[in-house]
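Engineer: Need a 3D model of the sequence below.
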Amino acid sequence: MATAVAGVGLGANAIDGITGAIGSIFGGQSQAAMYNYQAQIASINAQIAKQNASYDVAVGEVQAQQQGMKTRAQIGATRAQQGASGLDVNSGTNVSVRASEAEIGSEDQALIRSNASKAAYGDEVIAMQDTAQASMDQMAASNSQTAGILGGFTSILGVAGKFGSQFTQGQNQGLW
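Structural biologist: Numbering: from 1, shown residues only. This is a model prediction of the structure:
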């Protein structure tokens, strides 16, 4: 009877070790799949951020062009008002007023382009962060697979050691 109980104990330990090994391997694969998925999401986010950066620059350029048109329209309106008042539009302060309007308009355009560049830079930084995150997730996926396999081997080796110890103990007690 004691031999049967000891044999069942050895068998149970062996099954426990095999199940633990399989669980460890599949757990590592499952974690790797999760990290690979996260890496794909981070890569997609990086692509979106790069597209946003291009969009920011394009929108800024359109806004700068629109500001340039507004400035030219304002300068034209000012010149028309100056001419309507009977003043010489090509001399004195009239020229200086229009030059000031043109200068302010140029500064407005430069500010719009600068803001667009800053927004694009922010998007590029996000793209770099997402790309780095994707790389780290891919590395974590690889490490998870390796850890799962090593955990499986460790589980099998632990069971083999325990099995040998229990078998020797049973032999010493005369069970088989």
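
Engineer: For the residue positioned nearest the centre of the chain, what is the enclosing helix or strand?
Structural biologist: Nearest to the mean C-alpha position of the chain, by C-alpha atoms, centre = their mean, lies D130 at 2.2 Å. Assigned by DSSP states H and E, D130 falls within helix 93-172.

Engineer: packing partners for the longest helix along the chain?
Structural biologist: In the chain, with assignment by DSSP state H, the single longest helix is helix 2-84. Under the contact criterion of 3 or more C-beta pairs under 8 Å, 6 or more residues apart in numbering; DSSP states H and E, helix 2-84 touches helix 93-172. Heads up, the C-betas are built off the backbone N, CA and C, glycines and all.

Engineer: Now do the helix it packs on: distance to the chain's middle.
Structural biologist: Averaging C-alpha positions (C-alpha atoms, centre = their mean, to the nearest Å) puts helix 93-172 5 Å from its chain's average.

Engineer: Equivalent analysis for stretch 75-94, please.
Structural biologist: That offset, for stretch 75-94, works out to 57 Å (C-alpha atoms, centre = their mean).

Engineer: just stretch 73-89 next, same as before
Structural biologist: 55 Å.

Engineer: cool, stretch 39-55 as well?
Structural biologist: With C-alpha atoms, centre = their mean, you get 8 Å for stretch 39-55.

Engineer: who's in contact with it?
Structural biologist: Contacts to stretch 39-55, defined as C-beta atoms under 8 Å, 6 or more residues apart in numbering, come from residues 119-121, 123-124, 126-128, 130-131, 133-135, 137-138, 141.
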